[in-house]
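1. how would this look folded up:
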Amino acid sequence: MESALDYYSARALLEWQIELGATEAILDAPVNRYEAPAQSPARAAASQAAQALPEAKPTVDPVKEAMALAKSTQDLAGLKAAMASFEHCDLRRGARSLVFSDGNPAARVMIIGEAPGRDEDRIGKPFVGRAGQLLDRMLAAIDLSREAESADIATYITNVLPWRPPQNRDPKPDEIAMLMPFVQRHVELVKPEVLVLMGNIACQGVLGKRGITRLRGEWSEAFGLPTLPMFHPAYLLRSPHAKRDAWADLLELKARLLSKG
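-> Numbering: from 1, shown residues only. This is a model prediction of the structure:
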């Protein structure tokens, strides 16, 4: 017995029903949705295993936790301990040292760099390699020193990140974000008169901007303080032609200190 409809006729009728607005097919007989089909043994076992799993822990916001931890500190020793106890930054697992700071906390000038390198990670202080030696010469040229006891000519140095990134790669945005509350609290505890941001990463973290060639030498404001972006000494070692701009920035810094002194 031949079918009542051939393929092309059946397709034409189906397209006609779609044009009329039909959106789903209905069976000839109703289906009782309350009669759930029996689960197969494998599916039942999988369901039981899922029920036996422990409840997922609530997601932790590392930035909020860093803010609370930093805010709870009352002095620099407490801040360093809080940073050492902060477990949400994976950089700490591959680093040798927590690089906290160097210099005189009573200094008028606070310098914020980027992240520790190999030498800094080994010794535990910021700016101790070739870039650090160049920084010391730059500061000495305007009568400043990280070793000075007098606050008038002293400097205090830290970094955006206290742990060295693998292979000295640039810090990731989430790493910067979760550590910035500690940087802000660091500035609040030191209470410098002037901030100096060295390099793109420092500007990204503190000012939310990149493009050090455009930013350098122009005073801005961060944490309620006058802030001067400058080339990082490591960049100056790679690009000696930029030392003239760095010298102009140093003179600008000296002029600001003299006007405030």
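2. for the chain, which segments count as helices?
-> 7-20, 41-52, 62-71, 76-85, 91-94, 118-123, 130-140, 173-190, 200-207, 212-215, 233-238, 243-260 (DSSP state H).
3. closest one to residue 162 among those?
-> Closest approach to residue 162 among the helices of the chain is made by helix 76-85 (5.7 Å; C-beta to C-beta). To be clear about C-beta, it is placed using only N, CA and C from the backbone, and glycine gets the same treatment.
4. which strands or helices does the closest one pack on?
-> helix 62-71, helix 173-190 (3 or more C-beta pairs under 8 Å, 6 or more residues apart in numbering; DSSP states H and E).
5. buried deepest among these, which one?
-> helix 173-190 (a mean of 19; mean count of other C-beta atoms under 10 Å).
6. name the surrounding residues that touch that one.
-> Helix 173-190 has contacts (C-beta atoms under 8 Å, 6 or more residues apart in numbering) with 62-63, 66-67, 69-71, 73, 75-76, 79, 82-83, 86, 88-89, 91, 101, 105, 107, 110, 112, 156, 158, 160-162, 165, 195, 201, 204-206, 223, 225.
7. on that earlier part again, could the helices and strands packed on helix 76-85 go into TSV alongside mean pLDDT and distance to residue 134?
-> Below are the helices and strands packed on helix 76-85 laid out as TSV (pLDDT from 0 to 100; distance: least, C-beta to C-beta, whole Å):
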stretch	mean pLDDT	distance to residue 134
helix 62-71	97	31
helix 173-190	98	23
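8. that older thread, list buried residues within the contacts of helix 173-190.
-> Buried by 16 or more other C-beta atoms under 10 Å: 62, 66-67, 69-70, 73, 76, 79, 82-83, 86, 88-89, 91, 101, 105, 107, 110, 112, 156, 158, 160-162, 165, 195, 201, 204-206, out of the contacts of helix 173-190.
9. could the helices of the chain be laid out in a markdown table, adding distance to residue 150?
-> Below are those laid out as a markdown table (distance: least, C-beta to C-beta, whole Å):
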| stretch | distance to residue 150 |
| --- | --- |
| helix 7-20 | 87 |
| helix 41-52 | 67 |
| helix 62-71 | 29 |
| helix 76-85 | 19 |
| helix 91-94 | 35 |
| helix 118-123 | 25 |
| helix 130-140 | 14 |
| helix 173-190 | 16 |
| helix 200-207 | 26 |
| helix 212-215 | 30 |
| helix 233-238 | 23 |
| helix 243-260 | 13 |
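10. low pLDDT regions in this protein?
-> Scanning the chain for pLDDT under 70 picks out 1-5, 8, 23, 25-28, 30-47, 49-58, 261.
11. residue 13 versus the residue nearest to residue 160 when sequence neighbours are not counted, what's the distance?
-> In space, and not counting its chain neighbours, residue 160 is closest to residue 205: 4.3 Å by C-beta to C-beta, 6 or more residues apart in numbering. Distance of residue 205 to residue 13, computed by C-beta to C-beta, to the nearest Å: 67 Å.
12. how near is the residue nearest to residue 160 to residue 211?
-> Where residue 211 is concerned, residue 205 sits at a distance of 14 Å (C-beta to C-beta).
13. tell me, how many residues neighbour the nearest residue to residue 254 once chain neighbours are set aside?
-> The shortest distance from residue 254 to any non-neighbouring residue, by C-beta to C-beta, 6+ apart, is to residue 142 (4.2 Å). Close neighbours of residue 142, defined as other C-beta atoms under 10 Å, add up to 17.
14. ditto for the one 10 residues further on
-> One way to gauge burial is a neighbour count; for residue 152, by other C-beta under 10 Å, it gives 13.
15. isn't it right up against residue 108?
-> Yes - at 6.5 Å, residue 152 counts as touching residue 108 under the criterion of C-beta atoms under 8 Å.
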